[in-house]
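Asks: take this sequence and fold it.
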Amino acid sequence: MAERDTYARTYARSTADPEGFWLEAASMVDWDVPPALALESSAAPLYAWFPDGRLNTSYNALDRHVAAGRGDADALIYDSAMLGVQRTYSYRELLAEVETFAGVLRGLGVEAGDRVIIYLPMIPEAVIAMLATARLGAVHSVVFGGFAPRELAARIDDAGPKVIVTASGGVEPKRRVEYLPAVAEALETAGHRVDAVVVAERKGFSSSRADFNGAGGASWQDWAELAAAAEPAGPVSVAAGDPLYILYTSGTTGSPKGVVRDNGSHAVAMAWSMSNIYGVGPGQVMWTASDVGWVVGHSYIVYAPLIAGAATVLYEGKPVGTPDAGAFWRVAAEHGVDVLFTAPTALRAIRKADPDAVEPGRYDLSRLRHLFSAGERLDPATLEWAGAALDVPVFDHWWQTETGWAICANPVGLDELPVKPGSPTVPVPGFTVRILDGAGAEVPPGMEGNIALRLPLPPGTLRTLWGSDERYRNAYLEVFEGYYATGDSGYLDEDGYLYVMGRTDDVINVSGHRLSTGAMEEAVGSHPAVAECAVIGVADPLKGQRPCAYVVLKSGAETDAAQLQRELVERVRSRIGAVADFKDVQVVDALPKTRSGKVLRKTMRQIADGVPHTVPSTIEDPAVIEALTPLLRPGGSRG
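Replies: Model (predicted):
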């Protein structure tokens, strides 16, 4: 099959000669000192890519495109559904803003290697602050806007920033979230002292910078005032292995776990992935409907599209409710989006509100070529719905905060491979995926086990954990010798397609049988009345664990609870077997999720088992878990 050969040849090259493959790919970015060496292995398993190279990431995202005569091309498209505001920055305009704010940071004493915490909503200042920090060779750590003060304080203490960049607040569909009181409380709580807080003032908030000046021992400064007096700063050349950013993983509890991304290998991976996975280049528009606080936002709102010379959309809004279930299609149509990337939870929310897919027909989506999804497993029912609604190919792909880009994907820049619902397709060139049993031995195709990635990981993946190489080793590299442990379970089929069934702790033991809750969710989610679902294993004195399903129905779905339960039980029985002992179904209004769209299955399971638990700071709406708790607790109704 000719289409498959291009991917197959590329993948074979990446595994047979990874050093040659990635040294060739390194030519996709501009270097101050081009690398002659691809991989430094002396500190294995802590490998380093392009150790002798030097560059600046901000230069690669902006300056080089202006120098190439593309300064007037669109770079950043800001669309606020909350405020009804749109603004497009050309590469030249965005470069001017970044140069200026880099000068602001330099004036506040920020130098190469210093850390800057960015605590901002989805506004252009977030992108500008990230690129300005990178321009100085400094290290940014973006904290999701609206995080509780305690969580922000923990990240301040761990990262040790010199400056915090924030705004008056964020705008939600039904409220405004004040940021400044949270920043002040975090500074008072943290042991680390920050020199300055830079505030981007926004209208409509009750507090202002003047109310907090001096709080936490910091000087509170106005963004606009500093920018007006700043000298633009040029790009600082850094070593390829120098850190670009720290990103704390969602759900962090206790001591924060900060993933470190370097400058050189990250830039190469971003450039390569845009061309080969997404098929996006100069003059095209990519919209990643995520948040800059998450890894998806770092990689595919900010860095990758700009490094590739494309235009990127920064959307301040929701998939539904701003104002309706057509919000995404309106943005895609108005800005001529070629490739859309979003989370399955967003698609399920749209499907729930618009099950008959009426809204896409109201907009001109003729430029939209592909829809990619990641962040959580894309269930086949939602994949099928989205494909029919948009009449474009829909691809699941799989990666982690730690990897920074896709482990498995349908690489449309190489080939558009056949879609297998439930699978994120095949390993991306550079990633060697293996399925291992508990002892670290490979299992045959079709058998579920631990998903592991053979070392060395390709460029763009985590370099280490901030402040602790040993913690990185213990958490990821010592579980299976010679491999990075993903913490996910799944299997490879005979064609090399991966099926990710969930976190390894989402495999439950029913009367001695190890069963995947992900497989059960696929069966439950295929019911035409079900918008989304979560299946968890709860403790059972006789069987060890038993599966319980929590189901959200589509808008307008009318079904008898008893009949629905019978139909779902039959679907699980027919696809998995009676061994699953699936009987319990509970219809709920909503599932508890993080702001990045992951369902809090672990927290649900802990509540159901009556064991101590901590609700992650990343939860989107605490009221959802509060409403669900009585149904989860032992003795609560489960069907």
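
Asks: give me the distance between the spatially most central residue of the chain and Ser489.
Replies: Against the mean C-alpha coordinate of the chain, by C-alpha atoms, centre = their mean, the closest residue is Val296 at 3.3 Å. Val296 is 22 Å from Ser489, where distance means C-beta to C-beta, to the nearest Å. (C-beta placed from N, C-alpha, C; glycine too.)

Asks: then Asp356?
Replies: In terms of C-beta to C-beta, Asp356 sits 35 Å off from Ser489.

Asks: may I ask which helix or strand encompasses the residue nearest to the centre of the chain?
Replies: helix 295-297 (DSSP states H and E).

Asks: so what's the residue nearest to Gly297 when sequence neighbours are not counted up against?
Replies: Excluding its sequence neighbours, the residue lying closest to Gly297 (C-beta to C-beta, 6 or more residues apart in numbering) is Ser290, at 4.6 Å. Going by C-beta atoms under 8 Å, 6 or more residues apart in numbering, Ser290 touches Val296, Gly297, Tyr300, Ile301, Phe341, Thr342, Ala343, Gly375, Ser596.

Asks: could these go into CSV alongside pLDDT, secondary structure and distance to Cys408?
Replies: Putting the contacts of Ser290 into CSV (pLDDT from 0 to 100; DSSP: H, G, I helix; E, B strand; the rest coil; distance: C-beta to C-beta, whole Å) gives the following:
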residue, pLDDT, secondary structure, distance to Cys408
Val296, 95, helix, 15
Gly297, 96, helix, 20
Tyr300, 98, helix, 16
Ile301, 98, helix, 21
Phe341, 97, strand, 15
Thr342, 95, strand, 18
Ala343, 90, coil, 16
Gly375, 82, coil, 14
Ser596, 67, coil, 19
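
Asks: of these, buried ones?
Replies: When the contacts of Ser290 are checked for burial by 16 or more other C-beta atoms under 10 Å, the buried set is Val296, Gly297, Tyr300, Ile301, Phe341, Thr342, Ala343, Gly375, Ser596.

Asks: out of these, who's nearest Pro429?
Replies: Tyr300 (18.0 Å; C-beta to C-beta).

Asks: any idea how far Ile607 is from that closest one?
Replies: Separation of Tyr300 from Ile607 (C-beta to C-beta): 34 Å.

Asks: what's the answer for Gly279, then?
Replies: From Gly279 to Ile607 the distance is 43 Å (C-beta to C-beta).

Asks: keeping just the C-alphas, turn stretch 440-449 into CSV.
Replies: Only the C-alpha atoms of stretch 440-449 are listed here, as CSV (Å, rounded to 0.1, in the frame of the first residue of the first chain):
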residue,chain,number,x,y,z
GLY,A,440,9.3,-6.1,31.9
ALA,A,441,8.9,-8.8,29.2
GLU,A,442,7.2,-8.0,25.9
VAL,A,443,3.8,-9.4,25.4
PRO,A,444,2.3,-10.5,22.0
PRO,A,445,0.0,-8.4,19.8
GLY,A,446,-3.5,-8.1,21.2
MET,A,447,-2.4,-8.7,24.8
GLU,A,448,-2.9,-5.8,27.2
GLY,A,449,0.1,-4.7,29.4
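
Asks: so what touches it?
Replies: Here stretch 440-449 has contacts from 434-437, 480-481, 483, 489-494, 501, 507, 514, 516, using C-beta under 8 Å, 6+ apart.

Asks: can you do 10 Å?
Replies: 434-438, 450, 452, 479-483, 485, 489-497, 499, 501, 504, 507, 514-516, 518-519 (C-beta atoms under 10 Å, 6 or more residues apart in numbering).

Asks: now the buried members of these.
Replies: Buried among the contacts of stretch 440-449 (16+ other C-beta under 10 Å): 434-436, 450, 452, 479-480, 483, 485, 489-492, 497, 499, 501, 504, 507, 515-516, 518-519.

Asks: mind listing what the nearest residue to Arg115 once chain neighbours are set aside touches?
Replies: Leaving aside its sequence neighbours, Arg115 sits nearest to Pro161 (C-beta to C-beta, 6+ apart; 4.2 Å). Pro161 is in contact with 110, 114-118, 138-141, 155, 190, 192, 194-196, 246, counting by C-beta under 10 Å, 6+ apart.

Asks: could you redo the last one with a cut-off of 7 Å?
Replies: Residues in contact with Pro161 (C-beta atoms under 7 Å, 6 or more residues apart in numbering) are Arg115, Val116, Ile117, Ser141, Val194.

Asks: just put these in JSON lines and tack on distance to His65, neighbour count and pLDDT.
Replies: Shown next, in JSON lines, are these (distance: C-beta to C-beta, whole Å; neighbours: other C-beta atoms under 10 Å; pLDDT from 0 to 100):
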{"residue": "Arg115", "distance to His65": "27", "neighbour count": "25", "pLDDT": "98"}
{"residue": "Val116", "distance to His65": "24", "neighbour count": "28", "pLDDT": "98"}
{"residue": "Ile117", "distance to His65": "28", "neighbour count": "28", "pLDDT": "98"}
{"residue": "Ser141", "distance to His65": "26", "neighbour count": "26", "pLDDT": "98"}
{"residue": "Val194", "distance to His65": "34", "neighbour count": "22", "pLDDT": "97"}
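
Asks: what's the farthest-apart pair in the residues you listed?
Replies: Farthest apart among those by C-beta to C-beta are Ser141 and Val194. That separation is 12.2 Å.

Asks: quick check: Ala523 vs Tyr476, distance?
Replies: Distance, Ala523 to Tyr476, using C-beta to C-beta: 32 Å.

Asks: I misspoke; the intended subject was Pro235.
Replies: Pro235 is 32 Å from Tyr476, by C-beta to C-beta.

Asks: now His192
Replies: To Tyr476, His192 is 26 Å away according to C-beta to C-beta.

Asks: now swap in Val510 and tell me
Replies: 29 Å.

Asks: cool, Thr517 as well?
Replies: For Thr517, the distance to Tyr476 equals 23 Å [C-beta to C-beta].

Asks: what about these two, which has more around it?
Replies: The residue with more neighbours, out of Thr517 and Tyr476, is Thr517; 26 against 23, by other C-beta atoms under 10 Å.

Asks: wait, doesn't the more buried one sit right on Ile536?
Replies: Yes: using C-beta atoms under 7 Å, Thr517 is in contact with Ile536, at 6.4 Å.

Asks: neighbours of Arg633, how many?
Replies: Neighbour count of Arg633, defined by other C-beta under 10 Å: 12.

Asks: so where do the strands sit in the stretch 1-150 of the chain?
Replies: 39-40, 48-49, 54-55, 74-80, 85-90, 115-119, 139-142 (DSSP state E, counting those that start in this stretch).
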